[in-house]
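Undergrad: Okay, sequence plus prediction incoming.
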Amino acid sequence: MSPTCGQVLPILQKLEKHFTVEEGDTVFVCNLKQAVWGNLSKRYQSDGIRHFLEEATALDPRFKHKVEDSTVWDRVKEKLMAGKLTESEQPTEYAHGEDGVTMQSEEKRQQRENEEGEGTQESEEEEEQPPPCKKAIMSPLEELFAAEDDLKMKTSSSNSTTSIQHQTDRELKMYQEMPPTMTSDDPAAWWWNNRTTYPLLLEVAFSYLCVQASSTPSERVFSTAGDTICPERSCTLPEKADMLIFLNKNC
């Protein structure tokens, strides 16, 4: 199993304890520990990278208890809510006047006057203008209850947002109270097995678990591709080459 970003901070915490200078250490050991930890401590200092690693650690069921900054859960919740609100379809709104009546009758009257009048010559500027967008035609019943339909849309959208927020709080609370899993467990398999319990957190967790902690796996894929696409196989189609590389790395 390839290392994930959720393991980076827990490993650094463990290494910091190992490379702490103790009283019984010799001068050589002290210098070695200081040199090694001095190099490691300079990494991952960017706020963006640090926040990403903290969120990845929080969403790893093996190391979620090692998160020191409590604000990481607020960031996870914000990203989850932002993704859900972006995915939700915005209701189609009609143009209404101040009295809640559509402006279609006015448009139809103007169109009728233009058709009855004498045809005018179209200018070059008018020809260059794009055609106007067609508006949805409302039935008389929809025009009569247009104001009430708008209120229903706003209420439904508000209830949907409240429902998602409530479900997010519930899943986060259940996940935080759950005891951490064993280090040997596969976090991706754990999330998939609990997809019915944490349907919202599952999508956010997979977006972090897919990020590798090092470039070693990608370098191995490039090496495999170099062995697969050789001069003796110069006529191999791209689709077949992708299938061969996939089978080599996953079977």
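TA: Perfect, I can see it now. These numbers were taken from a predicted model, which means no experiment stands behind them.
Undergrad: going forward, measure contacts between C-alpha atoms and count neighbours the same way
TA: Fine.
Undergrad: Which parts of this protein are helices?
TA: Using DSSP state H, the helices of the chain run over 8-18, 27-40, 47-58, 72-87, 104-116, 124-128, 140-144, 146-177, 187-193, 199-209, 216-228, 238-250.
Undergrad: can I get the CA coordinates of the third one in PDB?
TA: It stands for helix 47-58. Written as PDB, here are the backbone C-alpha positions of helix 47-58 (Å, rounded to 0.1, in the frame of the first residue of the first chain):
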ATOM      1  CA  ASP A  47       0.500  27.300   5.600                       C
ATOM      2  CA  GLY A  48      -1.300  25.800   2.600                       C
ATOM      3  CA  ILE A  49       0.600  22.500   2.600                       C
ATOM      4  CA  ARG A  50       0.400  22.400   6.400                       C
ATOM      5  CA  HIS A  51      -3.400  22.800   6.400                       C
ATOM      6  CA  PHE A  52      -3.700  20.100   3.600                       C
ATOM      7  CA  LEU A  53      -1.600  17.600   5.600                       C
ATOM      8  CA  GLU A  54      -3.600  18.300   8.800                       C
ATOM      9  CA  GLU A  55      -6.900  17.800   7.000                       C
ATOM     10  CA  ALA A  56      -5.600  14.600   5.400                       C
ATOM     11  CA  THR A  57      -4.500  13.300   8.800                       C
ATOM     12  CA  ALA A  58      -7.900  14.100  10.300                       C
END
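Undergrad: Rounded mean pLDDT for that helix, please.
TA: Across helix 47-58, pLDDT averages out at 89.
Undergrad: For Thr57, which non-adjacent residue is spatially closest?
TA: Gly6 (3.9 Å; C-alpha to C-alpha, 6 or more residues apart in numbering).
Undergrad: right, and the helices of the chain - which one's nearest Lys66?
TA: The minimum distance between Lys66 and those falls on helix 8-18, with 6.7 Å, by C-alpha to C-alpha.
Undergrad: related to what we said a few turns ago, please identify the deepest-packed of the helices of the chain.
TA: helix 47-58 (a mean of 20; mean count of other C-alpha atoms under 10 Å).
Undergrad: what's in contact with that helix?
TA: Helix 47-58 has contacts (C-alpha atoms under 8 Å, 6 or more residues apart in numbering) with 5-10, 44, 63-67, 72-73, 75-76, 205, 208-209.
Undergrad: same deal with stretch 24-40?
TA: Counting by C-alpha under 8 Å, 6+ apart, residues outside stretch 24-40 touching it are 12, 16, 19-21.
Undergrad: Output those in a markdown table; the columns should cover distance to Met81 and pLDDT.
TA: Formatted as a markdown table, these follow (distance: C-alpha to C-alpha, whole Å; pLDDT from 0 to 100):
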| residue | distance to Met81 | pLDDT |
| --- | --- | --- |
| Leu12 | 30 | 85 |
| Glu16 | 35 | 84 |
| Phe19 | 40 | 86 |
| Thr20 | 41 | 87 |
| Val21 | 44 | 86 |
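Undergrad: which of those residues lies closest to Leu247?
TA: Distances from Leu247 to those, taken by C-alpha to C-alpha, are shortest for Leu12, at 34.2 Å.
Undergrad: ok, now which ones touch the closest one?
TA: Leu12 touches Leu40, counting by C-alpha under 8 Å, 6+ apart.
Undergrad: let's see 10 Å
TA: 18, 37, 40-41 (C-alpha atoms under 10 Å, 6 or more residues apart in numbering).
Undergrad: Equivalent analysis for Cys210, please.
TA: So Cys210 contacts 4-5, 188 (C-alpha under 10 Å, 6+ apart).
Undergrad: can you redo the contacts of Leu12 as CSV with distance to Met243 and pLDDT?
TA: Below are the contacts of Leu12 laid out as CSV (distance: C-alpha to C-alpha, whole Å; pLDDT from 0 to 100):
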residue, distance to Met243, pLDDT
His18, 44, 84
Trp37, 43, 86
Leu40, 39, 83
Ser41, 41, 81
